[in-house]
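[1] build me a model from this:
(one chain, ligands or ions: 1)
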Amino acid sequence: MSEPTRVSILGATGSIGTSTLRVLDHNPEQFEVVSLVAQRNVERLSEIARRTRAAFVAVADERQFAALKDRLSGTDTQVGAGPEAIIEAAARQADVVVSAITGYAGLRSTLAAARSGANLALANKEAMVTAGAMVKAALKEGGGALIPVDSEHAALFQSLWAQDREAITQLILTASGGPFRTWSKEDIQNATPAQALKHPNWDMGAKVTVDSASMMNKGLELIEAQQIFDISPERLDVVVHPQSIVHSLVAYSDGGQMAQLGVPDMQTPISAALRWPQRTKTTVPPLDLAQYGALTFEPPDRDRFPCLSLAEQVMQQGGAAPIAMNAANEVAVSAFLEGAFGFGRIAEVVSAVLEGTRAADPQSLDEIALIDAESRTRAHAAVAKLVK
Ligand SMILES: NC(=O)c1ccc[n+]([C@@H]2O[C@H](COP(=O)([O-])OP(=O)(O)OC[C@H]3O[C@@H](n4cnc5c(N)ncnc54)[C@H](OP(=O)(O)O)[C@@H]3O)[C@@H](O)[C@H]2O)c1
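    Model prediction:
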């Protein structure tokens with residue numbers, strides 16, 4: 001029997017973290033847990049740490065340190081809190097680090113994991129959108145590989161495996177269309193958080209679910225694909241596929257296309273990333289295509305989903321624009337979830353921030369952090385103006 005794969009999970013208490021643990025629980029002899037990270041949910045974090053006998057757990061919110069330590073007393077698990085502890089958790093020696101913190105907050109730990117030499121099982125798309133070149137450089141320095149977990153990129157990665165890279169003509173990302181796919185523009189404009197959080201196919205964290213409803217998620221994924229696969233924007237496309245069975249496609253110069261299919265469950269792309277190129281068993285039921293009968297496809301409607309067009313423009317611009325867009329979107333989505341305004345205002349906030357973004361080509365993490373912080377300030381001002 002081969003040695004167990006040593007896994008760290010950044011964002012262990014979230015949706016991707018939970019799906020990862022499901023894969024681990026199903027194959028206990030194949031995995032060993034090194035580190036676990038969460039923001040503040042120490043109840044769940046300590047329960048996972050006890051169950052998996054993790055070597056180290058870290059919580060971002062320092063006020064939770066005592067509670068976490070208390071809950072893990074009597075175990076061999078070491079405990080840390082605060083930003084340095086998160087970096088330590090990401091950098092501990094592991095074979096694979098699952099990067100699944102939500103948003104820009106996951107960037108520094110993603111970079112630490114990439115530098116550590118472990119393979120990077122990347123779910124945190126915002127790290128790639130805001131600092132793709134830096135993540136790739138960190139991976140080069142560490143020597144590990146980037147294995148995408150986002151289902152579309154996992155599908156592209158697998159459909160590209162051992163193929164002639166020169167012959168690729170297009171990468172086509174599929175999009176479910178989200179809960180508002182068939183809604184009128186006016187109804188989308190006024191939609192509530194409860195409506196946006198009802199995704200038809202995927203069970204995910206709140207932020208990515210709202211991004212899915214606005215199609216900003218697909219926009220972020222286009223930029224993520226641009227970065228991961230080093231491909232020009234002209235060769236990236238989106239097709240709406242409401243059943244979420246075909247997880248993306250690669251078109252080749254001979255006219256053929258390769259796709260990866262499966263029931264929409266994140267255990268599948270996660271399990272592929274954990275021991276790639278080996279496959280790991282999951283509890284996901286096999287895909288029975290006859291049961292679906294028809295798989296349908298349609299073009300995205302950029303008029304009803306303006307966030308997709310904004311992201312496409314940003315992908316062309318590069319530089320500061322993706323950082324500003326991501327920051328504005330994070331602020332706008334939080335405000336929307338807090339009930340500040342209707343769904344349509346998210347795109348308005350992002351658009352207002354992008355209009356005032358200066359052209360720049362950030363070369364360091366500090367420069368990226370500055371653009372992120374400035375964009376957040378302007379996004380908060382745009383939100384305040386809209387709720388007045
Ligand atoms: N869910 C999916 O199916 C899916 C699919 C593709 C890609 N993704 C991507 O994967 C990432 C995670 O998504 P998710 O749906 O799993 O999110 P989620 O359910 O909201 O979970 C987020 C996780 O990150 C932790 N966290 C949040 N902020 C943190 C911080 N500042 N420091 C340390 N930990 C922090 C949370 O801890 P607490 O529980 O303590 O708050 C939680 O463990 C996102 O980038 C998303 O776009 C998700």
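
[2] and this protein, which residues reach the ligand?
    With C-beta under 6 Å from any ligand atom as the criterion, the chain meets the ligand at residues 11-17, 37-41, 60, 86, 100-102, 105, 123-126, 150, 202, 204-205, 208, 266. To be clear about C-beta, it is placed using only N, CA and C from the backbone, and glycine gets the same treatment.

[3] from these, which land in strands?
    Val37, Ala38 (DSSP state E).

[4] which residues touch the residue of the stretch 251-388 of the chain found nearest the ligand?
    Nearest residue of the stretch 251-388 of the chain to the ligand: Met266, at 4.4 Å (C-beta to the nearest ligand atom). Met266 makes contact with Ser15, Ile16, Ser19, Val149, Ser151, Trp202, Met204, according to C-beta atoms under 8 Å, 6 or more residues apart in numbering.

[5] so can I have TSV of these showing pLDDT and neighbour count?
    Listed next are these as TSV, based on pLDDT from 0 to 100; neighbours: other C-beta atoms under 10 Å:
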residue	pLDDT	neighbour count
Ser15	98	19
Ile16	98	27
Ser19	98	25
Val149	98	26
Ser151	97	24
Trp202	85	17
Met204	93	20
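
[6] make TSV from those residues and add distance to Leu173 to it.
    Output for the contacts of Met266, formatted as TSV (distance: C-beta to C-beta, whole Å):
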residue	distance to Leu173
Ser15	20
Ile16	18
Ser19	20
Val149	15
Ser151	10
Trp202	14
Met204	16
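
[7] tell me which of the residues you listed fall in helices.
    The members of the contacts of Met266 that map onto helices under DSSP state H are Ser15, Ile16, Ser19, Ser151.

[8] check the burial of the one residue in the stretch 101-250 of the chain that gets nearest to the ligand by counting its neighbours.
    Per C-beta to the nearest ligand atom, the residue of the stretch 101-250 of the chain with the smallest distance to the ligand is Gly205, at 2.6 Å. If you count neighbours by other C-beta atoms under 10 Å, Gly205 ends up with 17.

[9] what residues are up against it?
    With C-beta under 8 Å, 6+ apart, Gly205 has these contacts: Gly14, Ser15, Ile16, Thr102.

[10] confirm Thr169 sits in a strand?
    Yes. Judged by DSSP: H, G, I helix; E, B strand; the rest coil, Thr169 forms part of a strand.

[11] quick one: it and Ala162, what's the gap?
    Here the criterion is C-beta to C-beta, to the nearest Å. By it, Thr169 lies 18 Å from Ala162.

[12] any weak-confidence spans in the stretch 251-388 of the chain?
    Scanning the stretch 251-388 of the chain for pLDDT under 70 picks out no residues.

[13] need the helices for it, in chain order.
    267-274, 289-292, 306-317, 321-337, 345-355, 365-387 (DSSP state H, counting those that start in this stretch).

[14] quick one, what contacts Arg304?
    Phe180, Trp183, Ser184, Lys185, Ile188.

[15] take these and keep only those in helices.
    Lys185, Ile188.

[16] selecting buried members of the contacts of Arg304 in ChimeraX, what would you type?
    Selection of buried members from the contacts of Arg304 for ChimeraX, criterion 16 or more other C-beta atoms under 10 Å:
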select :180,183,188
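
[17] need the contacts of Arg304 in TSV with pLDDT, can you?
    Shown next, in TSV, are the contacts of Arg304 (pLDDT from 0 to 100):
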residue	pLDDT
Phe180	97
Trp183	98
Ser184	98
Lys185	97
Ile188	97
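
[18] name the helix or strand for Asn217, please.
    Element membership for Asn217 (DSSP states H and E) is helix 216-229.
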